[in-house]
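**Student:** Structure for the following, please:
(chains A, B, C and D)
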Number of protein chains: 4
Amino acid sequence: MKQFVLLAIVFGLFAFMPQKKNKVIFFGDSITQAGVQPGGYVTRIDSMCKTEKMNDRYEFIGAGIGGNKIYDLYLRMDDDVLAKNPDIVLIYVGVNDVWHKSMFGTGTDPDKFEKFYQAVINKIKAKGSKIIMATPAAIGEKTDFSNVQDGDLNKYCNIIRDIAKKNGIPIVDLRKGLLDYNLQHNAENKEKGVLTSDGVHLNTTGNQFVADAMWRAIKEIK
Amino acid sequence: MKQFVLLAIVFGLFAFMPQKKNKVIFFGDSITQAGVQPGGYVTRIDSMCKTEKMNDRYEFIGAGIGGNKIYDLYLRMDDDVLAKNPDIVLIYVGVNDVWHKSMFGTGTDPDKFEKFYQAVINKIKAKGSKIIMATPAAIGEKTDFSNVQDGDLNKYCNIIRDIAKKNGIPIVDLRKGLLDYNLQHNAENKEKGVLTSDGVHLNTTGNQFVADAMWRAIKEIK
Amino acid sequence: MKQFVLLAIVFGLFAFMPQKKNKVIFFGDSITQAGVQPGGYVTRIDSMCKTEKMNDRYEFIGAGIGGNKIYDLYLRMDDDVLAKNPDIVLIYVGVNDVWHKSMFGTGTDPDKFEKFYQAVINKIKAKGSKIIMATPAAIGEKTDFSNVQDGDLNKYCNIIRDIAKKNGIPIVDLRKGLLDYNLQHNAENKEKGVLTSDGVHLNTTGNQFVADAMWRAIKEIK
Amino acid sequence: MKQFVLLAIVFGLFAFMPQKKNKVIFFGDSITQAGVQPGGYVTRIDSMCKTEKMNDRYEFIGAGIGGNKIYDLYLRMDDDVLAKNPDIVLIYVGVNDVWHKSMFGTGTDPDKFEKFYQAVINKIKAKGSKIIMATPAAIGEKTDFSNVQDGDLNKYCNIIRDIAKKNGIPIVDLRKGLLDYNLQHNAENKEKGVLTSDGVHLNTTGNQFVADAMWRAIKEIK
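**Tutor:** As a prediction, this is how the structure comes out:
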């Protein structure tokens, strides 16, 4: 009987003790910068988390800046990510590394993309945080691989997948997901308007699509 | 009986009369420039033609110049093609219009590609020659659409297919052919070495592959 | 006395005979397309011509299309220029051949720029029209040669100057003129706003500046 | 007398005590990578230092890697520079940030060039080392500003000069130096062969030219 009382007290204590929340930081570019806006994918993950009554276990922080490439993440990661002691960092980058090649002549070489990505991972790991990686979903939603950057974007997604594999990091393959979704919902082979507003940035459906995929991955992290 | 004799004489005359040869001009870039070399696709077509004892019906002329884009063809077509009174012109262009964008910043805008291509067709038609069109086969032979220019090249191939359709011109779809071939023979997802030596220019197998496809199309022209 | 009367009659006839006007066509890109608008440089030349009471001797036609490069001029010159039987063609092109390299990856290679320019000249000469050439004035008005495209634009201007020299064609060196003007009037080293609104397209002062230079050159043509 | 003896001993001690050498690290790209080779500018500085009998006061280390841009320096500076406890770091970078735009579409945006450059400076300052900056000398040696990248390179040199000024860091203005030298020694307006072998990399004369300028700057550092 005594033991039972003790157990009850212990359980009771745990029940009322404020549980340490998992701090999840979304680290990326303009897509993530928009993600914290109303309707954005980060905001939607927060809502789903509350609906599922898990908000005592997670908090979400957006760390997206428009135009960022992998080396921009590296430059600002101490201040914008590591200083906040995240439990989980979700890295979602790559569109600008490809896109800015033809737009401004300032994309990222594939070998340097890999080198900086690995350096970002190393610093997060050294901090003791967990990592989730995501592939960039699209620069154009056509399904016949005739979006101008399709080849190069696929190449960089392959690099990201290889890095994830080599480092044993879970990956949210948005690139594959968006293509599969479009193969079902974009019979007209439209360049935009299915999951994106402009071929790159997420529309309402797209934000929910990304939120679903990422929230699933976050809950799977032990 | 008299009539029969006469008929026999007439037939005999035709049999020995030198038949007017169909002059086929291959109009293109470095791939076609190499095509007239020993082992090249034009040379191979000529050989196949002889083997099939049809060399009294066809003669083949190469008009390929390295680095040519569609507007280069337009500029030199009077001298290099029309002045030779071709019966058939085979237009095989497009790689440089895409490739030179990232190489030199001097590719061709899609709308201008279409405009010049149509202008080339119009001039050949006005001359009374028949036309066969070909899509550019590849800038890289990977089969998962991760060759850097895959998206853009597919886009330009779509433009070429649309022009062919709109003008009722037969097309040799080398782009589709090369991909299908690679899906069967390039399990390792190599960038080159299957039908090309460098991802763009044809190797021995590639020259025969293109020769087969084009020779088929030429014989189908009425 | 009789002879004098006759002479007087003859002179009188000429005085009232409608003189054949010199048809001047301005052949170029968006700068010339804007040039025929109110306040544009072509409109200003027309006004100056009237002020100087020379409008019985000249008429002016704009043939500028936005985004045009030298090969676009070549493609449309039969319809837009030669069919109108010009007496003088003023070729004013080159900005897009340079600018579109970094903007779209679709600029013009220097050797092809020269080749197409010469081809345009040859066709105009064959028609019997006179030619005036102009250098592209600017992509940015900074005077310390730190406008991004300064080097490449200077290179293409050198090509244009060489073509003019080789062909014995008068040249309106707007590039040199704009730089000289800016060295006097742009002490702050501004990128735009002196003779252009955006570094490329002419503002009010710029349109008058170009009109002055071109009108001078037109009147000098014999 | 005693005092004199003591003084003599003290002096003698200093004379034979190994003086702490100033460790100078040259931090840059392929130009600096080549600089440590026989005949290279770093090697030449070392030789001049010995000739001037100052080799007890300086030691020189090359830290140049081909293809490096400013963000590559940032990525590797902990290992390659700071870990070696330099007294002076000479930053000589910028050619690839401009050149790779047109070559590979992977140059550096001007605002990010500045941001990374400042970040490199901050880390060196935090370490307590002194800094010397250098402007990239050339991409082409023509003196009429018709080298294709002249405008953009001048722009980036202006950025470097502004950073130097803002941070109170001495600058070796190789860009200005090379132009002045060429104005005197390159009357033919050659693209290369005066101070460079290919317009970018230093030839024998160029290596001595850079060595002279940098050695002067190093000796002026207090």
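**Student:** A:E220: what's it in contact with?
**Tutor:** For A:E220, the contacting residues are A:P170, by Cβ atoms under 8 Å, 6 or more residues apart in numbering or on different chains. Every C-beta, even on glycine, is put in place using the N, C-alpha and C of the backbone.
**Student:** Could you report the separation of it from chain B?
**Tutor:** Using Cβ to the nearest Cβ, to the nearest Å, A:E220 is found at 27 Å from chain B.
**Student:** cool, A:G151 as well?
**Tutor:** A:G151 sits 3 Å away from chain B, going by Cβ to the nearest Cβ.
**Student:** Could you verify that that residue is part of a helix?
**Tutor:** Yes: with DSSP: H, G, I helix; E, B strand; the rest coil as the criterion, A:G151 is assigned to a helix.
**Student:** That one and B:D150 touch, don't they?
**Tutor:** Yes: the criterion here is Cβ atoms under 8 Å, and A:G151 meets it with B:D150 at 3.1 Å.
**Student:** Pull up the overlap in contacts between these two.
**Tutor:** Common neighbours of A:G151 and B:D150, counting by Cβ under 8 Å, 6+ apart, are A:F145, B:G140.
**Student:** neighbours around A:G193, how many?
**Tutor:** Close neighbours of A:G193, defined as other Cβ atoms under 10 Å in any protein chain shown, add up to 15.
**Student:** Can you classify it by secondary structure?
**Tutor:** Assigned with three-state DSSP, A:G193 falls in the coil class.
**Student:** Spell out which residues of chain A are next to chain C.
**Tutor:** Residues of chain A lying close to chain C (Cβ under 8 Å from any Cβ of the partner chain) are A:S102, A:F104, A:G105.
**Student:** quick one: which of these is most hemmed in?
**Tutor:** Once you tally neighbours by other Cβ under 10 Å, A:G105 ends up highest among the residues of chain A next to chain C, having 26 neighbours.
**Student:** follow-up on the earlier one: between A:G151 and B:D150, which one's more packed in?
**Tutor:** Ranked by neighbour count (other Cβ under 10 Å), A:G151 and B:D150 place B:D150 first, with 29 against 24.
**Student:** can you tell me which residues contact that one?
**Tutor:** By Cβ under 8 Å, 6+ apart, the residues touching B:D150 are A:F145, A:D150, A:G151, A:N154, B:I139, B:G140, B:K142.
**Student:** the helices in chain A, which residues?
**Tutor:** Along chain A, counting by DSSP state H, helices occupy A:2-16, A:30-35, A:41-51, A:70-80, A:95-104, A:110-127, A:150-167, A:174-185, A:204-220.
**Student:** Comparing those, which yields the minimum mean pLDDT?
**Tutor:** Mean pLDDT is lowest for helix A:2-16 among those, at a mean of 57.
**Student:** sorry, back to before: quick one: which of the contacts of B:D150 is nearest A:K21?
**Tutor:** Distance to A:K21 across those (Cβ to Cβ) is lowest for A:N154, with 37.0 Å.
**Student:** So that closest one is in contact with A:L179, correct?
**Tutor:** No: using Cβ under 8 Å as the test, A:N154 is too far from A:L179 to be in contact (9.6 Å).
**Student:** Which members of the residues of chain A next to chain C additionally contact chain B?
**Tutor:** Checking the residues of chain A next to chain C against chain B by Cβ under 8 Å from any Cβ, the ones in range are A:S102.
**Student:** Turn the residues of chain A next to chain C into a markdown table, including distance to B:N96.
**Tutor:** Shown next, in a markdown table, are the residues of chain A next to chain C (distance: Cβ to Cβ, whole Å):
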| residue | distance to B:N96 |
| --- | --- |
| A:S102 | 16 |
| A:F104 | 23 |
| A:G105 | 19 |
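**Student:** Check the residues of chain A next to chain C against B:G168 and report the nearest one.
**Tutor:** When the residues of chain A next to chain C are compared for distance to B:G168 (Cβ to Cβ), A:S102 wins out at 34.2 Å.
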